[in-house]
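J.: Sharing a model that was predicted from the sequence below.
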Amino acid sequence: MASIDPYLKVAVDRHARKLILKPERRPVIELESGGEEIGKVIKAAQIKGALLEILSDGQKKELEKNGKILFQYSTWDLTFNVLGHLVGDGAEVAFAHVARNDALTDGVAPSQKQPQKKTDVQATSIELKNKVDAFLAKMIQYRASDLHLCSDCRPIYRVDGDLKEPGGGQLFTTEDLEGILFELLREEEKQTFQDSGSCDFAYEIEGLARFRFNVFREHRGISAAIRVIPSEVLSADQLNLPEAVRRLAELPKGMVLVTGPTGSGKSTTLAAVIDLVNQTRADHILTIEAPIEFLHRNRRCLVHQREVGRHTTGFKNALRDALREDPDVVLVGEMRDLETISTALETANTGHLVFGTLHTTTATSTINRIIDIYPTEEQTQIRYMLAESLKAVVAQTLLKKKGGGRIAALEVLIITPSVANLIREQKTHQILNMMQTGKSIGMQLLTEELVRLVAQDLVQPQEAYMKAVDKAEILRQFSAAGISFEPPNEHVSG
């Protein structure tokens, strides 16, 4: 039994929301009626010792590196969200009980008209300044990737890919959401929202996380789609990126595209590759994003990050400016229109290394998308430019992982001279064959990765099947690998 367990048992028996341990004070349990002290005064070193006692070796390293840690701890057949902070020679720790089998059972934050209470585990050490902060803290508590705040709805969280609505709580009115969201907007963002009906921005709760907001009008009133961005860039090791993807950080020039549907983790993968550049090269990195997501501090590289709407008027203008700003590596957050794609391609052709994203699902469809966006009379020239500049395409999708969480499946295309010739000669349909024979240099096909994840018992066959682009091929590979799976009737044909 860990030394903290008896305190946790008392907290649960008293139906307390939280147990809070602060140096040189008695432990506090937070009840509906308010805080109540229990036990004896605890010294800072004792709290730190109790915290270290329940951490794994990896978690201890994280605590030592960051000075704080957020994790889950189970005891007495109960689960707690735990937030620990190093304080001087000791620590400060807060435990919040999570209802069994469902982390989304403790209701929602009160109306904006009521005094805001710091009811989440994060609030004990992190100051919640704005009305929306309580909901964002719950995102971290629930391990949600996204949060939707909508008129005539309760808060809805996306956890492991599924939308979940907590029980209880009031429905938001449009006036409620305006009060919650508009206090975050700068004047120019408010004007953008009034003019176009939507706006994007990033927001940070110091010590907790950054969040990407899209606020938009819709038929019921207004809504916000909010995505959490981890405070720390996840490393290539943490993401388990293939060696071929890691080597992209060594390229001297050219274009690298990371693609996938919305919410597939493109930004996370790109941030990890940029972090590798930052650690291993002595270059100038320039990012152009809408909004800025992951924050990169100078390591071996000089890093400048520009936000569209705040630091520049658009991707195209920022890319043109970049040629006068002496960058070695340029990250383009979105490549959606002809002008941005064209300017990014020109930047790569002038000897820079350009990373960008597209909302395409496979490597070959990415190449076709870029070519097809140009007028017919320009496509031959673009094929030659693309064959010369494109160095790799990483297409990825996220899948629900067995036991909770999500895992990425990556398709990797490395542009060899043979692949470049296929692009020039308008034979992109033959690239799949090149990828099948290019495994020795790190190429991998999405279907094969999906089958591998199922074979390793990381993903359910149904989940992999639904994410597959070529349904017939994944069924064939399931059969060859001895994986038993009966496809849904609506997907058998075609």
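T.: Cool, got the structure.

J.: then stretch 377-397 to CSV, C-alphas only?
T.: The C-alpha trace of stretch 377-397 is given here as CSV (Å, rounded to 0.1, in the frame of the first residue of the first chain):
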residue,chain,number,x,y,z
GLU,A,377,-2.2,24.1,-69.6
GLU,A,378,0.2,24.4,-66.6
GLN,A,379,0.0,20.8,-65.3
THR,A,380,2.9,19.5,-67.4
GLN,A,381,5.3,22.1,-66.0
ILE,A,382,4.0,21.5,-62.5
ARG,A,383,4.7,17.8,-62.8
TYR,A,384,8.3,18.6,-63.6
MET,A,385,8.6,21.0,-60.7
LEU,A,386,7.0,18.6,-58.3
ALA,A,387,9.2,15.7,-59.5
GLU,A,388,12.2,17.9,-58.8
SER,A,389,11.2,19.4,-55.5
LEU,A,390,9.0,16.8,-53.7
LYS,A,391,11.0,14.6,-51.4
ALA,A,392,8.4,12.7,-49.4
VAL,A,393,4.8,12.3,-48.5
VAL,A,394,3.6,11.0,-45.2
ALA,A,395,-0.1,10.2,-45.1
GLN,A,396,-1.6,9.3,-41.7
THR,A,397,-4.8,8.4,-39.9
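
J.: which SS class is the nearest residue to residue 386 once chain neighbours are set aside?
T.: Closest residue to residue 386 apart from its sequence neighbours, by C-beta to C-beta, 6 or more residues apart in numbering: residue 423 at 5.7 Å. C-betas here are computed from N, CA, C, even on glycine. At residue 423, secondary structure determined by DSSP: H, G, I helix; E, B strand; the rest coil is helix.

J.: neighbours of residue 423, just the number please.
T.: By other C-beta atoms under 10 Å, 24 other residues sit near residue 423.

J.: What of residue 194?
T.: The burial count for residue 194: 10, using other C-beta under 10 Å.

J.: At which residues are the helices of the stretch 101-250 of the chain located?
T.: For the stretch 101-250 of the chain, applying DSSP state H, counting those that start in this stretch gives helices covering 133-142, 174-181, 187-196, 236-239, 243-246.

J.: Relative to residue 27, which of those is closest?
T.: Closest of those to residue 27 is helix 133-142, at 20.6 Å (criterion: C-beta to C-beta).

J.: longest helix in this structure, by residue count?
T.: Using DSSP state H to define each element, the chain has its longest helix at helix 266-280.

J.: May I have whichever helix or strand comes after that one as PDB, with CA atoms only?
T.: Next helix or strand after helix 266-280 toward the C-terminus (DSSP states H and E): strand 284-289. Taking Å, rounded to 0.1, in the frame of the first residue of the first chain, the C-alpha atoms of strand 284-289 are listed here in PDB:
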ATOM      1  CA  HIS A 284      16.800  29.300 -39.200                       C
ATOM      2  CA  ILE A 285      13.300  27.700 -38.900                       C
ATOM      3  CA  LEU A 286      10.300  29.800 -39.900                       C
ATOM      4  CA  THR A 287       6.800  28.600 -39.300                       C
ATOM      5  CA  ILE A 288       3.600  30.100 -40.800                       C
ATOM      6  CA  GLU A 289       0.400  28.900 -39.100                       C
END
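
J.: which neighbours does strand 284-289 have in its sheet, and in what orientation?
T.: Here strand 284-289 has these sheet partners by DSSP bridges: strand 302-307 (parallel), strand 329-332 (parallel).

J.: ok, and what's touching the last one?
T.: Think strand 329-332. For strand 329-332, the surrounding residues in contact (C-beta atoms under 8 Å, 6 or more residues apart in numbering) are 270, 274, 277, 281, 283-289, 301, 315, 319, 322, 340, 344, 347, 352-357.

J.: one step back: what residues are up against the residue nearest to residue 386?
T.: The neighbours of residue 423, taking C-beta under 8 Å, 6+ apart as the test, are 367, 383, 386, 387, 390, 415.

J.: Secondary structure element holding residue 412?
T.: strand 406-414.

J.: what helices or strands is that strand leaning on?
T.: helix 243-246, helix 363-372, strand 390-400, helix 431-437, helix 446-455 (3 or more C-beta pairs under 8 Å, 6 or more residues apart in numbering; DSSP states H and E).

J.: if you set the cut-off to 7 Å instead, what comes out?
T.: Strand 406-414 sits against helix 243-246, strand 390-400, helix 446-455, with contacts defined as 3 or more C-beta pairs under 7 Å, 6 or more residues apart in numbering; DSSP states H and E.
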